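Q: Next input, structure requested:
(chains A, B, C and D)
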Protein chains: 2
Amino acid sequence: MQDDGYVAYGVTVDLVILTIRAEQLCVLLVRRGLAPFAGALALPGGFVRLDETLVEAARRELAEETGLLLPEPPPQGSAWPGVHLEQLAAYGAIDRDPRARILTIAFLALAPDLPEPRSGTDAAAAEFVPVAALTGLGGLGGLAFDHAEILADGLERARAKLEYTALATAFCPAEFTVAELRRVYEIVWGAPLDARNFHRKVTGTPGFLEPVGHSTARDGGRPAALYRRGAAEILHPAMRRARAAGP
Amino acid sequence: MQDDGYVAYGVTVDLVILTIRAEQLCVLLVRRGLAPFAGALALPGGFVRLDETLVEAARRELAEETGLLLPEPPPQGSAWPGVHLEQLAAYGAIDRDPRARILTIAFLALAPDLPEPRSGTDAAAAEFVPVAALTGLGGLGGLAFDHAEILADGLERARAKLEYTALATAFCPAEFTVAELRRVYEIVWGAPLDARNFHRKVTGTPGFLEPVGHSTARDGGRPAALYRRGAAEILHPAMRRARAAGP
DNA sequence: CAAATAGTGTCTATGAGACACTATGCA
DNA sequence: TGCATAGTGTCTCATAGACACTATTTG
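A: Numbering: from 1, shown residues only, chains lettered A, B, ... in the order given. The predicted model follows:
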């Protein structure tokens, strides 16, 4: 780190907030009210204040956009539909914002089905949009700034991490069945998985799932045992990613 | 991205440049000449200019610090001791620089044994330091700013990526033997690997290694076939990381 | 020849993938 | 009873890991 050459940048955080609603992978987008890109969809985000770190800024934006409780502090012991938040990458193309040189640090958030997003102070309107509806229209086109690229990176990160981490549980409520967890994988990867093998894999991996004892019959068949996420963060060996079917 | 709340940050890039010299994993460090942290070791880096992207700034610093040819453009077809360069993460703790709010984007570079680093315009002195010499002294302590954390993240990224990518070849010259590649894994992971199984794995994975036809006998046994890196970027199934032996 | 390193073959345990089968609820 | 979903068992194939063995050089 040198001591000459200081120039000033604007720094924002932008969030790729993913959830699953109505059997679809959705991303939270806001409709921009102001120029540039007025009227276009964009990832939620905002400037980083001088008195907060990058993660704190991301957590603040997450709360503002979703009205959601912050992922920290983790409550003692029991069931918590944890929102996962991690840094994705920094984006610094010279003209990514036409007004000034603005750098953004993108974060990836994974959450269980959230309450309807309440408009933050800044966001004109926030809504969960099915990812398929965006990719269908010519490769994520139409997003403001370089947000198509950021979203693509976030999606790839999420898909990849399902393979070798226990992250899929972040899309589930505090207690869930094996079938619900499997649906998460199938929806995120866009490909079906063998229910029997999946069951053996996730229940056989120590620390992945923790049985809560009782069961439920939400779906009208034999009642399924309920689990909550276990302590294991990584999965070894990894789950093999099924290749997406269809277009 | 909102339109209010703009504040100005300084933005730097810092580089974790790893190489292998004399059977040891080494990182390029500079001795700081100026306050803060004058006299301390630090990662090389510098401010991002207004007319360059983050990667361009990283590439410029890499060239300045190492005198090395840039990893791009990749020359047609043949042997190139590619320097690998990728973004690591952004670091934005409030007081990470005591002078001002400065954000840094860290990059990770992996290179084959480099010529002696020539002092760049800014660096007082740059030298490759064995990582073991740093970790031995109480957890990477003594580095300026938050560079101990950045270095730790870079090391972990490098170790992890050897598992599931063909990245280890970035530590090798353009043409190398299987044994040399295996030494890379052993040095980075700090644990021995079975030579026979390793050989089967890397030669059996399509696209990982590309035989160049001739062979060499640098080490006095049966001559070994030479390879250059193949087209495959990822390794599936992954190589299993051996757990580091000893302290 | 011995020593040293390169490279192959073979066995075993494990896990993925395919899929038949049993278990337990509800209408 | 039939139907739907949960969960288990079993087979086959691929691969990691262990390690005996052969191959090709130098001294």
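Q: Quickly run through the sheet partners of the longest strand anywhere in chain A, with directions.
A: Secondary structure assigned by DSSP state E gives strand A:8-21 as the longest strand of chain A. In the sheet, strand A:8-21 lines up against strand A:24-31 (antiparallel), strand A:45-47 (antiparallel), strand A:102-110 (parallel), strand B:8-21 (antiparallel) (DSSP bridges).
Q: so which of those strands comes closest to DNA strand C?
A: Closest approach to DNA strand C among those is made by strand B:8-21 (16.2 Å; C-beta to the nearest atom of the strand). Every residue, glycine included, has its C-beta placed from N, CA and C.
Q: Flag every buried residue along the closest one.
A: Residues of strand B:8-21 classed as buried: B:9, B:10, B:11, B:12, B:13, B:14, B:15, B:16, B:17, B:18, B:19, B:20 (neighbour count, 16 or more other C-beta atoms under 10 Å in any protein chain shown).
Q: Could you export the residues you listed as JSON lines, including pLDDT?
A: Below are those laid out as JSON lines (pLDDT from 0 to 100):
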{"residue": "B:9", "pLDDT": "96"}
{"residue": "B:10", "pLDDT": "96"}
{"residue": "B:11", "pLDDT": "97"}
{"residue": "B:12", "pLDDT": "97"}
{"residue": "B:13", "pLDDT": "98"}
{"residue": "B:14", "pLDDT": "98"}
{"residue": "B:15", "pLDDT": "98"}
{"residue": "B:16", "pLDDT": "98"}
{"residue": "B:17", "pLDDT": "97"}
{"residue": "B:18", "pLDDT": "97"}
{"residue": "B:19", "pLDDT": "96"}
{"residue": "B:20", "pLDDT": "96"}
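Q: Provide a complete list of residue ranges assigned to helices in chain A.
A: If DSSP state H is used as the criterion, the helices of chain A fall at A:54-66, A:131-136, A:147-164, A:178-189, A:195-204.
Q: And DNA strand D, is the fourth one touching that?
A: Yes: counting by C-beta under 7 Å from any atom of the strand, DNA strand D has neighbours in helix A:178-189: A:178, A:179.
Q: list the helices and strands that helix packs on?
A: Judged by 3 or more C-beta pairs under 8 Å, 6 or more residues apart in numbering or on different chains; DSSP states H and E, the packing partners of helix A:178-189 are strand A:8-21, strand A:24-31, helix A:147-164, helix A:195-204, strand A:224-229.
Q: What are the contacting residues of the third one?
A: Contacts made with helix A:147-164 from outside it, assessed by C-beta atoms under 8 Å, 6 or more residues apart in numbering or on different chains, are listed as A:14, A:16, A:18, A:27, A:41-43, A:88-89, A:91, A:104, A:106, A:108, A:110, A:131, A:134, A:139-143, A:167-168, A:184-185, A:188-189, A:234-236, A:238-241.
Q: what's the answer for the last one, then?
A: Applying C-beta under 8 Å, 6+ apart, the set of residues contacting strand A:224-229 from outside is A:78-79, A:82, A:166, A:169, A:172, A:174-179, A:181, A:208-218.
Q: Swap in 10 Å and give it another go.
A: Residues outside strand A:224-229 that contact it (C-beta atoms under 10 Å, 6 or more residues apart in numbering or on different chains): A:78-82, A:166-170, A:172-181, A:199, A:202-203, A:207-218.
Q: just the fourth one next, same as before
A: Contacts of helix A:195-204 from elsewhere in the structure, counted by C-beta under 10 Å, 6+ apart, are A:166, A:168-169, A:178-179, A:181-182, A:185-186, A:192-194, A:208-209, A:211, A:224-225, A:227, A:230, A:235, A:237, A:239-240.
Q: are any of those residues buried, and which?
A: Buried among the contacts of helix A:195-204 (16+ other C-beta under 10 Å): A:166, A:168-169, A:178, A:181-182, A:185-186, A:193, A:208-209, A:224, A:227, A:230, A:235, A:239.
Q: Considering only those, which also neighbour DNA strand C?
A: residue A:239.
Q: Of the buried ones among the contacts of helix A:195-204, which is the nearest to DNA strand C?
A: Nearest member of the buried ones among the contacts of helix A:195-204 to DNA strand C, counting by C-beta to the nearest atom of the strand, is residue A:239, at 6.8 Å.
Q: Any figure for the gap between that closest one and residue A:57?
A: Note on residue A:239: its distance to residue A:57, by C-beta to C-beta, to the nearest Å, is 33 Å.
Q: likewise residue A:231?
A: Taken as C-beta to C-beta, the span from residue A:231 to residue A:57 is 29 Å.
Q: who's more crowded, these two?
A: Using other C-beta atoms under 10 Å in any protein chain shown as the criterion, residue A:231 and residue A:57 rank with residue A:57 on top: 22 against 9.
Q: Just give me the neighbour total for residue A:213.
A: Using other C-beta under 10 Å, residue A:213 has 7 neighbouring residues.
Q: Count residues in the vicinity of the closest residue to DNA strand D within chain A, would you?
A: Proximity of chain A to DNA strand D (C-beta to the nearest atom of the strand) peaks at residue A:221, 2.0 Å away. Residue A:221 has 8 neighbouring residues, counting by other C-beta under 10 Å.
Q: and it, what does it touch?
A: residue A:179.
Q: again, but for residue A:230
A: Going by C-beta under 10 Å, 6+ apart, the list of residues near residue A:230 reads A:166, A:169, A:202, A:205, A:206, A:207, A:208, A:209, A:210, A:211.
Q: any chance of the buried residues of strand B:8-21 in a markdown table, with distance to residue B:126 too?
A: As requested, the buried residues of strand B:8-21 are exported to a markdown table (distance: C-beta to C-beta, whole Å):
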| residue | distance to residue B:126 |
| --- | --- |
| B:9 | 26 |
| B:10 | 22 |
| B:11 | 22 |
| B:12 | 16 |
| B:13 | 15 |
| B:14 | 13 |
| B:15 | 11 |
| B:16 | 13 |
| B:17 | 9 |
| B:18 | 14 |
| B:19 | 12 |
| B:20 | 17 |
